[in-house]
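S.K.: 3D, please:
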Amino acid sequence: EDATAHWETRTVDMSKLSGVDVINSYWMGPLIAHTLVSFRFEDDRPLAFSFEIRKEDGESFSALAGFFRRYELSLIASEERDIIYTRSNARGEQVYLLPVSHLQQSEVRSLFESYLIAADELNAKPAWYNTLTSNCTNIIFYMARIVSGERLPWDYRIWVSGWLPNYLYDVGMLDANPNNSGQPWSMDTWYEHAHINPKVRGFDNQADLDTQVNSNEFSAQIRQGIPIPPLADSQAKADAEAKSAAKASND
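M.R.: Alright, predicted model coming up:
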């Protein structure tokens, strides 16, 4: 219930962006999840973004109220050990981390920049959260469409946030053969490996610990057992590998 506000300025090198992870946090059954996007960097700790409602004192979230301009929209940039730990350890939500496959570095950078632009736009002109059209999941989809075009076709699971991982799997953006072995991963296998709660149970997140070391340790722990995909060398290779992965996931 209580938290100490702490803000810090961080400078990142966008030429060092090395990948994107989608994090789904389940707090109300299998259909509803809060979706975050985390960007990985070479030789630096990840940075997570989260579209959220800006709750006022005494205000609680209601999906129904979210249809009627009840909540202001906000965008948070945060350390993973803060914004993910809050969900997995403090609140006890079930959290899954899934690395997005078959992206070029230029696409990752464009997606990162789209978050910065969104933050600037919200700063200049406030916007409303909407349960259907402007929520944590489909805003991500709108931005990803700018980056990856037809590789991310429209699908009803964009609005059923709990099924977003299955959507990524079916379109080949969550690799069905992440270890390049003869034994492909099913979606159930992905959920088993991606579940971070057992990996960080008991994690020491005390404020008096070294922030950067503590952040690096948390980010490493939540990725245990998860193959991290390399970036694609070209658009043609990314397209071909995504199509191959989609075929493997549907076989």
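S.K.: so where do the strands sit in the stretch 151-251 of the chain?
M.R.: Using DSSP state E, counting those that start in this stretch, no strands are assigned anywhere in the stretch 151-251 of the chain.
S.K.: residue ranges with poor pLDDT in it?
M.R.: Scanning the stretch 151-251 of the chain for pLDDT under 70 picks out the ranges 181-182, 207-210, 251.
S.K.: Return the residues in contact with residue 196.
M.R.: When contacts are counted by C-beta atoms under 8 Å, 6 or more residues apart in numbering, residue 196 touches 84, 88, 95, 96, 97, 221, 222. For glycine as for every other residue, the C-beta is placed from the backbone atoms N, C-alpha and C.
S.K.: nearest spatial neighbour of it, skipping sequence neighbours?
M.R.: The shortest distance from residue 196 to any non-neighbouring residue, by C-beta to C-beta, 6 or more residues apart in numbering, is to residue 222 (4.2 Å).
S.K.: Please apply the same query to residue 79.
M.R.: Computed as C-beta to C-beta, 6+ apart, the closest residue to residue 79 that is not its neighbour in sequence is residue 215, at 4.9 Å.
S.K.: swap in residue 24?
M.R.: Counting by C-beta to C-beta, 6+ apart, residue 24 lies nearest to residue 33, which is 4.2 Å off, once chain neighbours are set aside.
S.K.: So the residue nearest to residue 196 versus residue 91, what's the distance?
M.R.: 15 Å (C-beta to C-beta, to the nearest Å).
S.K.: out of these two, which sits in the busier spot?
M.R.: A direct count of neighbours by other C-beta atoms under 10 Å for residue 222 and residue 91 places residue 222 higher, at 27 against 11.
S.K.: Quick check, that one in contact with residue 199.
M.R.: Yes: shown here, residue 222 and residue 199 form a contact pair, counting by C-beta atoms under 8 Å, at 5.8 Å.
S.K.: picking that back up, can you tell me the number of residues neighbouring the residue nearest to residue 79?
M.R.: Residues within reach of residue 215, counting by other C-beta under 10 Å, total 19.
S.K.: got it, and residue 240?
M.R.: Counted with other C-beta under 10 Å, residue 240 comes out at 14.
S.K.: ok, now residue 5?
M.R.: Using other C-beta under 10 Å, residue 5 is surrounded by 4 other residues.
S.K.: Over to it. Which of the three states is it?
M.R.: Put simply, residue 5 is coil when judged by DSSP: H, G, I helix; E, B strand; the rest coil.
S.K.: Report pLDDT for it.
M.R.: As predicted, residue 5 sits at a pLDDT of 81.
S.K.: Next: residue 122.
M.R.: What the model reports as pLDDT for residue 122 is 88.
S.K.: what does residue 116 give?
M.R.: At residue 116, the model reports a pLDDT of 93.
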